[in-house]
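Visitor: using only what follows, build the 3D model:
(one chain, ligands or ions: 1)
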Amino acid sequence: MEVAEPESGIEGSMKHPDHDLDPSVQFLPASDEKKLEKRSLSLRTMLLIGLVVLASVTTLIVTLLVCNFHLRTGEKIRKVFSGSMTIASQRFTDSYEDSNSRQFKELASQVSKQMKDIYNNVPLLSRYYISSTIQAFSESSNDSVVAYYLSEFSVPESQLSAVDEAIRSTEQIGALRKSRRVNLEHKPTNTLLIYSMMSGAVDARFINSSLNSHYMESHHSHPGKTGIIQSPGFPDTPYFPNMYTEWQLRADPNHRVQLEFIAVDLEDDCRNDFIRVYDSLVPTESQVITEECGNITPNKKLVFLSSGNVMLVTLVTNEEKNFPGFRAQYSQVAAEIPGCGGKLTGMKGTFTSPGFSSHYPPQIQCVWDIEVSTGKQVMLNFSRFSMHEPGQSPKNCTKDYVEINSNRMCGSQPTNKVHVFESSKLTVKFFSDMSYVDEGFFAQFEAYDPHHFCPGRFQCDNRVCIDSKLQCDGYNDCEDMSDEKDCVCEEFYFRCKNGLCKPKHFFCDGVDDCGDNTDEENCGHCEAGQVDCRNGRCVSEQKKCDGHNDCGDGTDESECAKAIVLSCSEFTFKCKNEECISKQNPRCDGEKDCDDGSDEADCDCGTVPYKSSRIVGGEIAGEGEWPWQVSLHLKGEGHVCGASIISNSWIITAAHCIHETNRYSQAEQWEVYLGLHTQGESNTWTVQKSVKQIICHPAYNPVSFNHDIALMKLDSSVIFNQYIWPICLPSATRVLPVGQSVWISGWGKTREHGNLATVLHKAEVRIINDTVCHQLMGDDISPGMICAGLLTGGVDACQGDSGGPMSYMDPGSKRSFLVGVVSWGEGCGQREKPGIYTRVTKYRNWIREKTGHPLGS
Ligand code: 4AZ
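Guide: Residues are numbered from 1 along each chain as shown. Below you'll find the model as predicted:
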């Protein structure tokens, strides 16, 4: 591996691998307009450059960017940090924007030397330091220079977090200088006066060792003008595979860079091809403003602002699926954003997050003081509110938030909710941190008469106003139930004994929606004292479990506490000796029910040996909590689907995971991760296997998703440990009552339009009545499917969870059974749109036939 020369800051720089090869991409000297602008390139030139660049796969830039960010070399791991520092002792000149200029090279060399000194002052860093390269300079608002660098270290694995910590300590450089621990008194005369310094890790996906080319452009925006940047070849030819491209954008001091995406057409999966925008000129992880991929429709405005006068746009692509790419326009806007805070008076008015309807910039704070006339009070409504950020919980809002009277709000807020305050004054604060931005909010305030608030809306007891349509709809919209009290139940609702109205489809769904169970009473058509047979007959309760098939379909003998030998039916459990017994769920319940004991054979499954303790609305799982959970990776693309371990050589997944493309159906394209908790982080117990054989259900229908189940045989058998353990397969007769709580787990998206989870998530959902599911989801529901979710929405499986387990823990035996395989749904977590799962009990015989799994019947 080639490594940059430690001292120079230019030699071996990752900046312009292509310069020696094609002069057309060199940076021009400063023009008479003072600022530099890269020469615009024709498509042909771009393609030519692209080809040349592709040929120059071994350039140092790529070597460092692609291979060195976090690469193992024997015992040590190469780690690269990126960052910026303000050099107070240096005045900015335009030539610093041209990396080929003498001035750039001289200053870069000085900065590199100084960085070495800085790291030498921290023993841990000096031990592992290799080199720094200076990527760019920009002009700060006080005429000094900001330098952007990449620093490379070679670190033993055990020291990685200590090095991270030590790197953070270098951010104290200003403080250190003041306390003279860095001996600047004896500095050589050309030592730079460094004022502030910040460093951070680089995005892990740059580690992708197949990235083999690099392309870079630099632009300085001009007042009143817009410039265009676009992926090479856009829109006529797809972007190149395995390429890292970056666009450095600068504005004049006291200005911000504004970037508007005009078109984005990338692969859907951000783990493969993605655009990232940084609030810096280097790709520092803590300064990502946004990440984009997929196809973004032009009616959705995607505008971003920098916090200072620089911005970096990067495009990383992988081997497969090359799309047209993107086009964006950049310009500069004044640093001061009008309407960021201030005093608001009058009877009503509006205010927005800074820059709305652009995304707000990072690192900004606004404070509004609202005051309405005395005698009136303030109410506030957010007609738009979107402040999501990866890693931010809506419970504590530590990243970007709005704060009203010390209450923080983030994530989404319902647009039909009005906040009512018992005061004529209100202070609203807006805060955005260094990374990730969102659309922000549009707020209306209004003065109200304290005796008559919520005009035109329903007023909750907790002084929240909601849309009148939400009153008496069966859902607790006020969050204090006041919208569901004293209701007259309309046509599609029934009345509970306690007076609540509930949608008719909540009736007899197995869940006590009323709270007094009246919606679950008298659910059969038979009289009191009779059993409801599933074939519609009614027989006396006394005939239940008496050993006679009184219903005729075995229902009266199917839910018995004790095993009675009966003639075989779909409601009986068949022992290995062909005897059939009547007991409900006899398999692996710890009691020998079959004379030959076959109901308790091969029950070493479904227990959690570990005794510690974009799923939507779920929470992070404990390590080892779902030891049968598998992550299926497609080679080079990462996690695609979930699966469940059923024996030491077989796993179960969804057929649609396999059917997606021709490539997906090839066994050698898959990597199976067992005992995994965090994507990209293997533990000593994590096992990776290849796939020897894939068996999709022969009747799988890719249009209806009927029979969405598949088996994968591992290339060699896995040794179980406390993090790798099989789940039990349910017997065909396992009864899962409606309303039963079951668990789903996976690394899928945590929001419908969000990103895949890195850490395994879990969520508790409930089995939903088949009839209700038909009503809600239409005729697409077949007997091979089972619905689960919460009808109120918010908790669900999502894209990336497919193939993973829906497990039921039998409270008696404490064993988990695989009752469903995540299959499909309409969106994720929507109200009255449950998730659809493959009903595993229906596929038992097929599983046994294909895998030889030693199941009872
Ligand atoms: C999917 O795309 C998917 N809400 C899986 C489950 C659900 C929706 C989508 C259920 O794999």
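
Visitor: V428 contacts V367, correct?
Guide: Yes. Contact criterion CB atoms under 8 Å: V428 and V367 qualify, at 7.4 Å. (C-beta placed from N, C-alpha, C; glycine too.)

Visitor: more neighbours, those two?
Guide: A side-by-side neighbour count of V428 and V367, using other CB atoms under 10 Å, places V428 first with 22 against 14.

Visitor: wait, a strand at the more buried one?
Guide: Yes. According to DSSP: H, G, I helix; E, B strand; the rest coil, the state of V428 is that of a strand.

Visitor: who does it form a beta bridge with?
Guide: As for beta bridges, V428 partners with W368, I404 under DSSP bridges.

Visitor: distance of it relative to K502?
Guide: Separation of V428 from K502 (CB to CB, to the nearest Å): 37 Å.

Visitor: what mean pLDDT does the longest strand belonging to the chain get?
Guide: Longest strand in the chain by number of residues, with DSSP state E as the criterion: strand 76-91. In this model, strand 76-91 has an average pLDDT of 85.

Visitor: I'd like the next helix or strand past that strand.
Guide: Next along the chain after strand 76-91, taking DSSP states H and E as the criterion, comes helix 102-120.

Visitor: buried ones in that next one?
Guide: Along helix 102-120, the positions that meet the burial threshold by neighbour count (16 or more other CB atoms under 10 Å) are 104-105, 107-119.

Visitor: next, give phi and psi for Q679.
Guide: Per-residue torsions, Q679: phi -60, psi 130 (degrees, to the nearest 10).

Visitor: hmm, V488 is touching C472, no?
Guide: Yes. In this structure, V488 sits in contact with C472. The criterion is CB under 8 Å, and the distance is 7.3 Å.

Visitor: list the contacts for the spatially most central residue of the chain?
Guide: Among the residues of the chain, the one closest to the centroid is N755, at 2.7 Å (CA atoms, centre = their mean). By CB atoms under 8 Å, 6 or more residues apart in numbering, the residues touching N755 are C270, E291, P390, R614, K749.

Visitor: correct me, but P235 touches P324?
Guide: Yes. At 4.5 Å, P235 and P324 qualify as touching, with contact defined as CB under 8 Å.

Visitor: ok so, going back, can you pick the most crowded of the contacts of N755?
Guide: R614 (25 neighbours).

Visitor: hang on, the earlier thing: tell me what the longest strand of the chain is packed against?
Guide: Based on contacts counted as 3 or more CB pairs under 8 Å, 6 or more residues apart in numbering; DSSP states H and E, the elements that strand 76-91 packs against are strand 70-73, helix 102-120, strand 144-156, helix 160-169, strand 194-201.

Visitor: mind running it again at 6 Å?
Guide: Packed against strand 76-91 by the contact rule (3 or more CB pairs under 6 Å, 6 or more residues apart in numbering; DSSP states H and E) you find strand 144-156, strand 194-201.

Visitor: what's the neighbour count on whichever residue of the chain sits closest to the ligand?
Guide: The shortest separation between the chain and the ligand is 2.5 Å, found at G825 (distances taken as CB to the nearest ligand atom). Summarising burial for G825: neighbours were counted as other CB under 10 Å, giving 25.

Visitor: against D708, how distant is it?
Guide: Look at G825 and D708: by CB to CB, they are 12 Å apart.

Visitor: more neighbours: which of V488 and C472?
Guide: Neighbour count, other CB under 10 Å: between V488 and C472, C472 has more, with 20 against 8.

Visitor: residues in contact with that one?
Guide: The neighbourhood of C472, defined by CB atoms under 6 Å, 6 or more residues apart in numbering, consists of C487, C501.

Visitor: kindly report the same for the one 3 residues further on.
Guide: Taking CB under 6 Å, 6+ apart, we find Y475 in contact with no residue.

Visitor: and the helices in the stretch 751-857 of the chain?
Guide: In the stretch 751-857 of the chain, the segments counted as helices under DSSP state H, counting those that start in this stretch are 770-777, 844-851.

Visitor: chain neighbours aside, what residue packs nearest to N120?
Guide: Once its chain neighbours are removed from consideration, N120 has its nearest residue in S126; the separation is 4.4 Å (CB to CB, 6 or more residues apart in numbering).

Visitor: tell me how many other residues surround the closest residue to C828 other than its chain neighbours.
Guide: Of all residues not flanking C828 in the chain, C798 sits nearest, at 3.7 Å (CB to CB, 6+ apart). Residue crowding around C798 was assessed by other CB under 10 Å; the count is 30.

Visitor: state the distance from C798 to L192.
Guide: Relative to L192, and taking CB to CB, C798 is found at 50 Å.
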